[in-house]
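*Asks:* Okay, structure incoming, though there's no sequence with it:
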């Protein structure tokens, strides 16, 4: 096998991602990152494209870095494993990860911080070559249950919040008013004192988003926006990407009801899994956990030049 940079508008690429890719492998998602994106193919001995992944490259203060693209949970690593037996399948997995590790080293970045999809279980080649391998977690909710079963899987607090929203006649509706959705997202980022990239938020909401790949729910109270959720989807998986609420018009059940309706809408679309897309913050983990999904680990692999690593240890001790 070998890795080679490819164009993601190639029909062969489309065939691979339609088989094993996610929404983040779609050309319209990668288009948002323009010249900063590197899309690579994984080829077998017959020169056939069997997999792909992407990276976000940039420089800062003259330092070359490679990271996972903004607002993207992982580098989209996906591939067809042709093995017929479990042992051979594990061997192919090991070969792919070793190939990926060697490729990262060949790029010679001053800093590399990338996340692997949850489907990648074997990170030993990275560990053996002195990369920092760090576990992360997300919640994934399987939708192959009845609505009643999904509702019963919520915590009693979440069920009460939804019923409270119904009792108080909140309007929870599917919306295409992404300007309002954006405002609610920004309000939440401001409260959390988190940086938001206006450039990429605009691209996701107003360039990438289409009825066939995304949806949003908006809660209004007394005619005023209260909370919103925004999700994207492809290949039977939906990802909750953004949410937000207005602290001046908040309701205990507004955000919960938007999330609940997002889950029901995903099920209606025939989507099989609802991914809450990361949950490493304490308060966020609790909120996602209460929707009854499965806690699923995924890994980031990090590597930096020693002087940079020492500096990063001061700020990102749990990463380096």
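*Replies:* Nice, thanks for sending it over. Bear in mind the structure is a predicted one, so any value in this text is a computation, not a measurement.

*Asks:* going forward, measure contacts and count neighbours with C-alpha atoms only.
*Replies:* OK.

*Asks:* mind giving me the domain ranges of this protein?
*Replies:* With domains defined by automatic domain parsing, the chain comprises 2-136+299-315, 145-271.

*Asks:* Nearest to residue 278, out of the ones you listed?
*Replies:* Residue 278 lies closest, by Cα to Cα, to one member of the domains of the chain: domain 2-136+299-315, at 7.4 Å.

*Asks:* where's the closest one relative to the chain centroid, distance-wise?
*Replies:* Distance of domain 2-136+299-315 from the chain centroid (Cα atoms, centre = their mean, to the nearest Å) equals 14 Å.

*Asks:* Then stretch 222-242?
*Replies:* Centroid separation for stretch 222-242 versus its chain: 13 Å, with Cα atoms, centre = their mean.

*Asks:* ok, back up a step: minimum distance to residue 292: which of the domains of the chain has it?
*Replies:* Between the domains of the chain, domain 145-271 lies closest to residue 292; by Cα to Cα that is 5.1 Å.

*Asks:* What's the mean pLDDT across the closest one?
*Replies:* Mean per-residue pLDDT for domain 145-271: 94.

*Asks:* Quick one: end-to-end length of that domain, please.
*Replies:* With Cα to Cα, to the nearest Å as the measure, domain 145-271 spans 12 Å from end to end.

*Asks:* Would you map the helices across this protein?
*Replies:* Secondary structure of the chain (DSSP state H): helices at 11-20, 27-30, 86-107, 124-128, 147-153, 156-167, 178-191, 198-203, 254-268, 282-289, 306-315.

*Asks:* of all those helices, which lies closest to residue 39?
*Replies:* helix 27-30 (8.5 Å).

*Asks:* ok, the spatially most central residue of the chain to residue 216 distance?
*Replies:* By Cα atoms, centre = their mean, the mean C-alpha position of the chain lies nearest to residue 73, the distance being 3.1 Å. Separation of residue 73 from residue 216 (Cα to Cα): 19 Å.

*Asks:* now do residue 100
*Replies:* For residue 100, the distance to residue 216 (Cα to Cα) stands at 35 Å.

*Asks:* okay, the two: which has more neighbours?
*Replies:* Just comparing residue 100 and residue 216: by other Cα atoms under 10 Å the higher neighbour count belongs to residue 216, 27 against 19.

*Asks:* Quick check: beta-bridge partners of that one?
*Replies:* The residues listed as beta-bridge partners of residue 216 by DSSP bridges are residue 175, residue 230.

*Asks:* so it touches residue 262, yeah?
*Replies:* Yes. Contact criterion Cα atoms under 8 Å: residue 216 and residue 262 qualify, at 7.3 Å.

*Asks:* which residues do those two both contact?
*Replies:* Counting by Cα atoms under 8 Å, 6 or more residues apart in numbering, the shared contacts of residue 216 and residue 262 are 229, 231.

*Asks:* Minimum distance to residue 51: which of the helices of the chain has it?
*Replies:* Nearest of the helices of the chain to residue 51, taken as Cα to Cα: helix 11-20 at 6.6 Å.

*Asks:* which of the helices of the chain is buried the deepest?
*Replies:* Of these, the one with the most neighbours on average (mean count of other Cα atoms under 10 Å) is helix 254-268, at a mean of 23.

*Asks:* Any idea how far it is from the middle of the chain?
*Replies:* The answer for helix 254-268 is 18 Å, by Cα atoms, centre = their mean.
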